[in-house]
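Q: Pasting the sequence and the predicted coordinates here, then a few questions.
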Amino acid sequence: MTSIRKTERVLLGAVFAMEAGGSVIFALMANLQDEFNFSDIGLGLIAAAGFMASFIVQILIAPYADRGHAKRLLIIGTTLVVLGNALFASGSTLVIFILARLVSGAASGLFLPPARALIASLDEEGVSERLGAMGGAALAGFVTGPVIGGFLVGPLGLRWPFIIFSIAAMISLLIVSTQHLPTLPYSANRQGLAFGLFKQRSVLVPILMLSSIALPVGMYDALWDRFLTDIGASDIVVGLSLAAYALPFIVLSRFGGRLADRRGKVKVSFIAMLFVAPLTALYGWFTVPLIPILLGMIESCAQAAGAPAGQGLLAEGAPEGRASAAQGLAGACNQLLAAVVAVLATWGYGQVSAPTLFTIAGACVLLMGSVAQVLARKLPTAQPA
């Protein structure tokens with residue numbers, strides 16, 4: 001048990017450091033644009049490069065963790081965080097910044113699937129609880145990176161935040177590379193691309209569940225700032241709203257995973273979706289910023305139960321020897337869905353009213369989650385809500 005706890009702490013700390021190092025750029029992109037004078041489209045290219053790299057790597061490279069290379073992928077992923085921040089710190093052109101973001105996105109795609117598969121495999125009990133803790137650590141790192149970066153850029157200048165996070169990633173690399181980690185169950189059978197796992201209902205159902213509750217995230221990434229600003233929120237209020245959304249998930253995700261382990265992963269993920277869907281539909285109907293922010297905190301509580309439940313269901317349902325491939329496929333689907341939703345939401349915001357747009361998004365959440373629930377009834381261990 002002591003060894004399990006130690007390995008868990010190492011993985012959680014490494015995930016926190018990796019996400020913090022990869023997200024610091026989001027507080028500094030405008031500073032880079034002002035300093036090096038590139039166009040607005042450059043900001044989009046930098047952001048898109050990371051998402052695209054993560055998507056490709058999770059599909060093509062993450063499955064190698066199932067062939068005895070899990071620790072090697074963790075080491076390479078952490079090394080790429082060091083390199084990505086070093087490129088941001090030393091670069092002075094848009095091409096270098098796009099390359100740096102490609103490297104950082106690839107780091108996330110390399111690290112997260114095997115990390116999730118490893119922490120799920122530590123013990124047959126408490127799978128969702130440990131995955132919930134990892135989700136909370138990842139989100140905490142993702143929020144911490146921009147906050148610290150924004151705080152440091154004033155007194156230290158634009159390059160030092162990247163240097164500091166590069167050093168932090170080096171420390172994480174040293175810890176991960178010297179820690180004994182378990183080996184994922186290995187399958188000697190020929191393994192194709194991760195897309196073939198869609199044929200497995202035990203993989204398809206949790207991916208649909210995870211995608212349904214992740215669908216609003218792409219919309220929030222694209223429109224949350226714009227929507228709150230349009231109804232009268234200041235920049236400070238928008239920033240605080242993001243922290244308010246993240247805090248319940250960070251605090252409650254381990255508890256939410258424990259709840260899923262005890263009450264049933266299908267049941268908890270479906271009930272969480274039933275909260276997320278109407279809350280998503282309600283955001284656009286209010287013109288006082290405080291109300292959407294409070295609704296977001298309630299949704300975050302539901303996400304803190306639904307996400308670990310879905311990830312735990314995926315960990316248990318993945319075929320033997322395909323644990324990391326399944327986690328990578330789920331992550332890639334969420335990345336792709338978020339990108340598509342972000343594009344459609346920004347287009348739709350100018351075509352229809354905010355209440356209509358958010359209601360459509362809520363309906364899509366309900367539809368995807370309901371399809372997953374129907375398919376889950378044929379799973380051998382399912383507990384339909």
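A: Here it is on my side, so go on. Residues are numbered from 1 along each chain as shown.
Q: Please pull up the helix or strand immediately following the helix or strand encompassing Arg254.
A: Element membership of Arg254 [criterion: DSSP states H and E] is helix 235-263. Using DSSP H and E, the helix or strand that follows helix 235-263 in sequence is helix 265-282.
Q: what's the distance between that next one and the middle of its chain?
A: 18 Å (Cα atoms, centre = their mean, to the nearest Å).
Q: same question, stretch 247-261
A: Distance of stretch 247-261 from its chain centroid, counting by Cα atoms, centre = their mean, is 15 Å.
Q: in the helix or strand hosting Ala307, what counts as buried?
A: Assigning secondary structure by DSSP H and E places Ala307 in helix 290-317. Neighbour counts over helix 290-317 (16 or more other Cβ atoms under 10 Å) mark 292-293, 295-296, 299-317 as buried. Glycine gets a C-beta too; all of them are placed from N, C-alpha and C.
Q: returning to what we had before: quick one: buried residues of the helix holding Arg254?
A: So, applying 16+ other Cβ under 10 Å, buried residues of helix 235-263: 238-239, 241-242, 245-246, 248-250, 252-261.
Q: Backbone dihedrals for Ile360, please?
A: Dihedral angles of Ile360 (phi, psi; degrees, to the nearest 10) stand at phi -60, psi -40.
Q: Next up, the contacts around it.
A: Ile360 sits next to Gly348, Val352 when contact means Cβ atoms under 8 Å, 6 or more residues apart in numbering.
Q: go on, Ala89?
A: So Ala89 contacts Arg159, Trp160, Phe162, Ile163, Ser166 (Cβ under 8 Å, 6+ apart).
Q: Repeat that for Thr178.
A: Applying Cβ under 8 Å, 6+ apart, no residues contact Thr178.
Q: Quickly note the distance from it to Val10.
A: For Thr178, the distance to Val10 equals 10 Å [Cβ to Cβ, to the nearest Å].
Q: quick one on the thing from earlier: most neighbours out of the contacts of Ala89, which is it?
A: Most neighbours among the contacts of Ala89, by other Cβ atoms under 10 Å: Phe162, with 25 neighbours.
Q: doesn't Val81 make contact with it?
A: No: in this structure Phe162 lies outside contact range of Val81 using Cβ atoms under 8 Å: 10.8 Å.
Q: Give me the helices and strands touching the helix holding Arg254, please.
A: Packing partners of helix 235-263 (3 or more Cβ pairs under 8 Å, 6 or more residues apart in numbering; DSSP states H and E): helix 127-156, helix 201-230, helix 265-282, helix 290-317.
Q: Same list, these, but as TSV with distance to Leu112 please.
A: Formatted as TSV, these follow (distance: least, Cβ to Cβ, whole Å):
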stretch	distance to Leu112
helix 127-156	7
helix 201-230	13
helix 265-282	19
helix 290-317	11
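Q: Any stretches of the stretch 101-250 of the chain with poor pLDDT?
A: Residue ranges of the stretch 101-250 of the chain with pLDDT under 70: 185-193, 221-222, 235, 239.
Q: One more pass at 90, please.
A: Scanning the stretch 101-250 of the chain for pLDDT under 90 picks out the ranges 101, 105, 108-109, 112-158, 175-203, 213-247, 249-250.
Q: How is the chain divided into domains?
A: Domains of the chain are assigned by automatic domain parsing as 2-178, 195-376.
Q: For those, give me TSV that also has distance to Leu184.
A: Listed next are the domains of the chain as TSV, based on distance: least, Cβ to Cβ, whole Å:
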stretch	distance to Leu184
domain 2-178	5
domain 195-376	6
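Q: picking that back up, narrow the contacts of Ala89 to those in helices?
A: Secondary structure from DSSP state H places Trp160, Phe162, Ile163, Ser166 of the contacts of Ala89 in helices.
Q: Most widely separated two among those residues?
A: Of all pairs drawn from those, the one with the longest distance (Cβ to Cβ) is Trp160 and Ser166, at 10.2 Å.
Q: which residues of the stretch 51-200 of the chain fall in helices?
A: Assigned by DSSP state H, counting those that start in this stretch, the helices in the stretch 51-200 of the chain fall at 70-90, 94-121, 127-156, 160-178.
Q: per-residue pLDDT, Arg254?
A: Here the pLDDT value assigned to Arg254 is 90.
Q: Check the one 5 residues further on too.
A: Among the per-residue scores, Leu259 shows a pLDDT of 91.
Q: one step back: and which of the contacts of Ala89 is nearest to Ala115?
A: For these, the minimum distance to Ala115 (Cβ to Cβ) is 19.9 Å, reached by Ser166.
Q: Tell me the spacing between that closest one and Ala100.
A: 11 Å.
Q: next one: Gln351
A: Distance, Gln351 to Ala100, using Cβ to Cβ: 35 Å.
Q: Comparing these two, which residue is more hemmed in?
A: Each of Gln351 and Ala100 has its neighbours counted (other Cβ under 10 Å); Ala100 has more, 25 against 8.
Q: ok, the residue nearest to the more buried one when sequence neighbours are not counted to Thr280 distance?
A: Nearest in space to Ala100, with sequence neighbours left out and distances taken as Cβ to Cβ, 6 or more residues apart in numbering, is Leu87 at 3.6 Å. Leu87 is 37 Å from Thr280, where distance means Cβ to Cβ.
Q: Please identify which of these two sits among more neighbours.
A: Legend: neighbour count by other Cβ under 10 Å for Leu87 and Thr280, higher for Thr280 (26 against 20).
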